[in-house]
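# sequence first, predicted coordinates after that:
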Amino acid sequence: MSDVQIISSREVPLGGPRAMTVRRTLPQRARSLIGAWCFVDHYGPDDVAATGGMDVAPHPHTGLQTVSWLFSGEIEHRDTTGAHEIVRPGELNLMTAGSGVAHSEVSTASCGVLHGVQLWTALPDSARSGDRNFVHHVPEPLHLDGAVARVLLGALAGSPSPVPTASPLLGAELVLDPSAQVVLDVAPEFEHGVLVDAGPVILDDVKLAPAELGYRPPGSTRLRLTNPMGRPARLMLLGGEPFDEPVIMWWNFIGRTHEEIGGFREEWEAGSERFGQVQGYTGEVARLPAPPLPTVRLKPRLTPPGPGDPSAWG
């Protein structure tokens with residue numbers, strides 16, 4: 001029997017008065033994290049002329065890193081590190097929240113079709129109270145037998161990313177040749193996830209449809225990916241050592257206790273300098289308001305979730 005777990009996506013609205021629909025595979029009750037990867041949104045192809053594209057007003061983050069990766073289109077990113085960057089296909093934009101950051105995301109006027117992923121990693125205690133930061137990196141294509149990879153974070157097939165991570169991680173885009181089978185050497189201490197963009201793709205012996213995430217637990221030294229189609233397939237490969245710290249994810253915050261999350265919410269609503277001020281955003285609203293806290297107490301997510309896991313996602 002295969003040890004691959006299939007996690008289906010669910011559609012959710014993303015951000016503000018002009019919300020766009022994204023397909024979310026993490027977090028879910030079936031699984032909250034893969035290594036430190038704790039949030040996986042997949043969107044598009046989206047005809048911006050028809051839908052209006054992306055317009056996410058300034059909003060806060062704590063205790064995490066955002067990993068922005070596009071397959072097509074352009075997004076203008078502004079944040080309170082002072083970064084003002086155009087996110088383009090094949091270019092990694094990594095923002096570290098540390099103890100607090102705010103940013104906005106808007107598809108550009110020249111963006112025709114918007115298509116990509118938005119990912120988060122949870123920061124460990126050793127890094128989550130540090131300074132906010134922003135890194136832009138363009139990974140070189142890595143030509144494998146049957147695929148082209150771009151390594152965002154960590155290392156794959158002997159090719160390391162220069163971007164530092166706060167915990168052991170792997171993040172890469174792979175485009176598989178038509179009808180190709182690719183066998184990758186992977187760290188046995190890592191758990192792995194395969195998010196299919198253009199597919200299907202077969203992970204070991206399990207077929208994954210587009211927008212499905214296949215999870216494989218630690219213990220294996222190889223990962224086999226097969227493209228059964230006569231055209232290229234594309235996927236995101238995510239991995240990391242199991243993240244054993246308690247994690248509470250609510251709205252745009254990651255913390256450790258209910259009280260800590262409540263404090264972050266109050267500071268954002270009060271305009272605290274914990275998050276700073278995003279300069280240059282000109283959308284319909286100046287900033288996204290935080291929703292009310294749930295009436296039940298927020299508790300850490302379990303990995304994997306246990307019976308009656310009451311953790312909440314705002």
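Structure received.
# which stretches of the stretch 51-200 of the chain have low pLDDT?
By pLDDT under 70, the stretch 51-200 of the chain contains no weakly predicted segment.
# for the stretch 201-314 of the chain, same thing?
Under the criterion pLDDT under 70, the flagged ranges of the stretch 201-314 of the chain are 302-314.
# show me where it has its strands.
201-203, 206-208, 213-216, 222-226, 233-240, 248-250, 253-255 (DSSP state E, counting those that start in this stretch).
# alpha carbons of the fifth one, as CSV, please.
I take that to be strand 233-240. C-alpha atoms of strand 233-240 as CSV (Å, rounded to 0.1, in the frame of the first residue of the first chain):
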residue,chain,number,x,y,z
ALA,A,233,3.6,18.8,-16.5
ARG,A,234,4.4,21.3,-13.8
LEU,A,235,4.5,20.9,-10.0
MET,A,236,5.8,22.5,-6.9
LEU,A,237,7.9,20.2,-4.6
LEU,A,238,7.9,21.2,-0.9
GLY,A,239,9.8,19.5,1.9
GLY,A,240,11.3,19.9,5.3
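# chain center to it: distance?
Put simply, strand 233-240 sits 11 Å off its chain's centre (C-alpha atoms, centre = their mean, to the nearest Å).
# and stretch 29-37, by the same measure?
Counting by C-alpha atoms, centre = their mean, stretch 29-37 comes out at 11 Å from the chain centroid.
# check which residues of that stretch are buried.
For stretch 29-37, burial by neighbour count (16 or more other C-beta atoms under 10 Å) applies to 31-37. The way it works is simple: take the backbone N, C-alpha and C, and place the C-beta from them, glycine included.
# determine which two of the residues you listed are furthest apart.
Arg31 and Ala36 (13.4 Å; C-beta to C-beta).
# from Ser220, how far off is the spatially most central residue of the chain?
Nearest residue to the geometric centre of the chain (C-alpha atoms, centre = their mean): Leu119, 0.8 Å. Per C-beta to C-beta, to the nearest Å, Leu119 is found 23 Å from Ser220.
# with Pro232 instead?
Distance, Pro232 to Ser220, using C-beta to C-beta: 25 Å.
# between the buried residues of stretch 29-37, which is nearest Ala127?
Distance to Ala127 across the buried residues of stretch 29-37 (C-beta to C-beta) is lowest for Ala36, with 10.1 Å.
# can you tell me which residues contact that closest one?
Residues counted as contacts of Ala36 (C-beta atoms under 8 Å, 6 or more residues apart in numbering) are 121-124, 166-167, 169, 240, 243.
# next one: Pro289
Shown in contact with Pro289 (C-beta under 8 Å, 6+ apart): Glu269.
# quick check: which helices or strands does the lengthiest helix in the chain pack against?
Longest helix in the chain by number of residues (criterion: DSSP state H): helix 258-269. Where contact means 3 or more C-beta pairs under 8 Å, 6 or more residues apart in numbering; DSSP states H and E, helix 258-269 is packed against strand 248-250, strand 253-255.
# just put those in TSV and tack on mean neighbour count.
Below are these laid out as TSV (neighbours: other C-beta atoms under 10 Å):
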stretch	mean neighbour count
strand 248-250	22
strand 253-255	24
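# out of those, nearest to His103?
Closest among the helices and strands packed on helix 258-269, using C-beta to C-beta: strand 253-255, at 13.8 Å.
# which other helices and strands contact the closest one?
Packing contacts for strand 253-255, counted by 3+ C-beta pairs under 8 Å, 6+ apart, involve strand 55-61, helix 258-269.
# show me what it is in contact with.
Residues outside strand 253-255 that contact it (C-beta under 8 Å, 6+ apart): 38, 60-64, 120, 122-123, 128, 247-248, 261, 264-265.
# right, and out of those residues, which lies closest to Gly276?
When those are compared for distance to Gly276 (C-beta to C-beta), Pro60 wins out at 9.3 Å.
# okay, and the beta partners of that closest one?
Taking DSSP bridges as the rule, Pro60 bridges to Ala102.
# list the contacts for it?
The contact partners of Pro60, by C-beta under 8 Å, 6+ apart, come to 100-102, 252-253, 264, 268, 275, 290.
# need the helices and strands packed on helix 258-269 in TSV (columns: distance to Ser2).
Shown next, in TSV, are these (distance: least, C-beta to C-beta, whole Å):
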stretch	distance to Ser2
strand 248-250	28
strand 253-255	31
